[in-house]
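[1] sequence plus predicted model, see below.
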Amino acid sequence: MEAVNGIGASGLGASLTSATQSSLGKEDFLKLLVAQLAHQDPLSPMENQEFVAQLAQFSSLEQMTNVNSNLQLLQVAQASMTNSQIASLIGKNVEVRSDQVRLLGSGGAAVNFDLGATAKEVEIRILDANGNTVRTLKEGGKTAGLNSVQWDGKDNLGNVLPPANYKVEVSAKDSNGNAVAASTRFEGMVSGVSFEQGIPLLEINGAKVSVGDVLTVRQAPATQQGGASTP
């Protein structure tokens, strides 16, 4: 008499593992487990240890599924809270790291920059949208930390430049002629918030700035000053 061709414990156990790795649901897992019990080889039934191990595997799978669901809910809640907090910046004055300066009129604009150490000489270059240097400002000694230089809004020939965003490059040297680290910043009022590929950007006078570049946040004055300012 030929032996009954049943499904062995090891064979279906591998199927269960494969099914689990294929991200089947818990209902599929239970169906496979019941099928294994119903069709197991009577001459080689499933050992208790194997059965307990597979139940533990199912329990672990269900726990991981629940954890993933909870994490997704947490991410949605966190994103909603973060977006709400970012939106609250609208109407506030923020100071951000940026190499842009906004010229709004003939009154000029302030160029703010940080120096890593005291500098003997500082050179500021103003570039237009095409990358051309339109104005070069040469300054004397500046101390370490935050500094500000007023740009009159004119080019090197004395012509008044049109309102626009301009790029700022600052280079500095100490008394020994060594380069001093310099970074630019500006302050402006947030007029809106946009999301590009899930990344929030602050809109300030037509310029878009990453939230990660924000240095300080201040309450905007009741009446914004007219004329030119940084973006």
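    Perfect, I can see it now.
[2] what is the neighbour count of the residue nearest to Glu169 when sequence neighbours are not counted?
    Sequence neighbours aside, Arg125 is the residue nearest to Glu169 in space, at 4.4 Å (criterion: CB to CB, 6 or more residues apart in numbering). To be clear about C-beta, it is placed using only N, CA and C from the backbone, and glycine gets the same treatment. Neighbours of Arg125 under the rule other CB atoms under 10 Å: 15.
[3] surely Arg125 touches Val168?
    Yes - here Arg125 reaches Val168: they are 7.3 Å apart, a contact under CB atoms under 8 Å.
[4] now do the buried residues in the longest strand out of those in the chain.
    Counting residues, the longest strand in the chain under DSSP state E turns out to be strand 164-173. For strand 164-173, a neighbour-count test (16 or more other CB atoms under 10 Å) marks 165-168, 170, 172 as buried.
[5] ok, that strand: who's next to it in the sheet?
    strand 100-103 (antiparallel), strand 121-127 (antiparallel), strand 179-180 (antiparallel) (DSSP bridges).
[6] looking at those, which is buried most?
    Most buried of those by mean neighbour count (mean count of other CB atoms under 10 Å) is strand 100-103; its value is a mean of 22.
[7] what's it in contact with?
    109-111, 126, 151, 153, 161-168, 184, 186, 188, 204-207, 228-231 (CB atoms under 8 Å, 6 or more residues apart in numbering).
[8] quick one: the strands in this structure?
    92-97, 100-103, 109-115, 121-127, 133-139, 145-151, 164-173, 179-180, 182-189, 192-196, 199-204, 207-210, 214-219.
[9] deepest of these, which one?
    strand 100-103 (a mean of 22).
[10] could you dump that one to CSV, C-alpha only?
    Provided in CSV are the C-alpha atoms of strand 100-103 (Å, rounded to 0.1, in the frame of the first residue of the first chain):
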residue,chain,number,x,y,z
GLN,A,100,19.6,86.6,-2.2
VAL,A,101,18.8,90.3,-1.7
ARG,A,102,15.6,92.0,-2.9
LEU,A,103,15.7,95.5,-4.4
